[in-house]
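> here is a sequence with its predicted model. Questions after.
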Amino acid sequence: MHGGAGAVGIFAVQLARHRGAHAIATASARNLDFVRELGAEQGIDYHAGRFEDSARDLDVVFDTVGGETLERSWGVLRPGGRMVTIAASVEGATEERVKQAFFIVEANQRQLIEVGGLLASGRIRTFVDTVVPLAQAPAAFRGEARRAGRGKVVVAVAAQETATAKG
């Protein structure tokens, strides 16, 4: 999977391993040990070389990057393999394979309960990068929050803000 140390990739690696998949993740050199700790059996430094030189005949590619990375990823799939991307716009896509690869999350109570259980038990972990106050939520959503490392940006809602909103 691409972006294995990113905010979505950290969960994708862990969930893949939880389901018994052999996980390969691209990451920067500083994050290779981290993606291995998450469960990736192989980490590929995307700055040091082309992932196509290290990965071939894959059953599934999960793409969180898009663009050129997505285009190059088709070549590492085995015949009949599946591409899943959260980083391509299907609105502008002309290729049917890109349209079919696009994935968007749909709420599923059973799956959410299962993931909640995995988090509560510690079998998968979450990582918080930065906590911002509610007033900075729009900037955080636009990707403008100051980031410290890896993981999610969390919006903190103070108790008085919650009480005021209910009032």
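Now that the structure is in, tell me what you want to look at.
> in the biggest strand by length in the chain, what's buried?
Looking across the chain with DSSP state E, the single longest strand is strand 77-85. Residues Leu77, Met83, Thr85 are the ones in strand 77-85 that count as buried (16 or more other C-beta atoms under 10 Å). For glycine as for every other residue, the C-beta is placed from the backbone atoms N, C-alpha and C.
> was I right about the last one contacting Glu71?
By that I understand Thr85. No: checked against C-beta atoms under 8 Å, the pair Thr85 and Glu71 is beyond contact range at 10.7 Å.
> leaving out chain neighbours, which residue sits closest to His22?
Leaving aside its chain neighbours, His22 sits nearest to Glu41 (5.6 Å; criterion: C-beta to C-beta, 6 or more residues apart in numbering).
> which parts of this structure are strands?
Going by DSSP E, the chain shows strands at 24-27, 42-45, 58-63, 77-85, 128-133, 152-156.
> residue ranges of the helices in the protein, please?
Shown for the chain, the helices assigned by DSSP state H span residues 9-18, 32-38, 67-73, 96-101, 109-121, 137-141, 159-166.
> quick check: buried residues in the third one?
This means helix 67-73. Residues of helix 67-73 classed as buried under the neighbour-count rule (16+ other C-beta under 10 Å) are Thr69, Leu70, Ser73.
> just the first one next, same as before
Buried positions in helix 9-18, judged by neighbour count with 16+ other C-beta under 10 Å: Gly9, Ile10, Phe11, Ala12, Val13, Gln14, Leu15, Ala16, Arg17.
> mean confidence score for stretch 17-25?
What stretch 17-25 shows for mean pLDDT is 95.
> hmm, I was thinking of stretch 144-151
Mean predicted lDDT for stretch 144-151 stands at 77.
> just the CA trace of stretch 120-137, in CSV.
Taking Å, rounded to 0.1, in the frame of the first residue of the first chain, the C-alpha atoms of stretch 120-137 are listed here in CSV:
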residue,chain,number,x,y,z
ALA,A,120,-10.3,-1.0,22.4
SER,A,121,-8.4,-4.3,22.7
GLY,A,122,-5.2,-2.7,21.3
ARG,A,123,-5.0,-5.1,18.4
ILE,A,124,-4.8,-2.0,16.2
ARG,A,125,-3.6,1.4,17.4
THR,A,126,-4.3,4.9,16.5
PHE,A,127,-1.7,7.7,16.4
VAL,A,128,-2.5,11.3,17.1
ASP,A,129,-0.2,13.8,15.4
THR,A,130,-1.7,17.1,16.4
VAL,A,131,-4.6,18.4,18.5
VAL,A,132,-6.2,21.7,17.5
PRO,A,133,-9.0,23.7,19.1
LEU,A,134,-12.4,23.7,17.5
ALA,A,135,-11.8,27.2,16.2
GLN,A,136,-9.0,25.8,14.0
ALA,A,137,-11.1,23.0,12.6
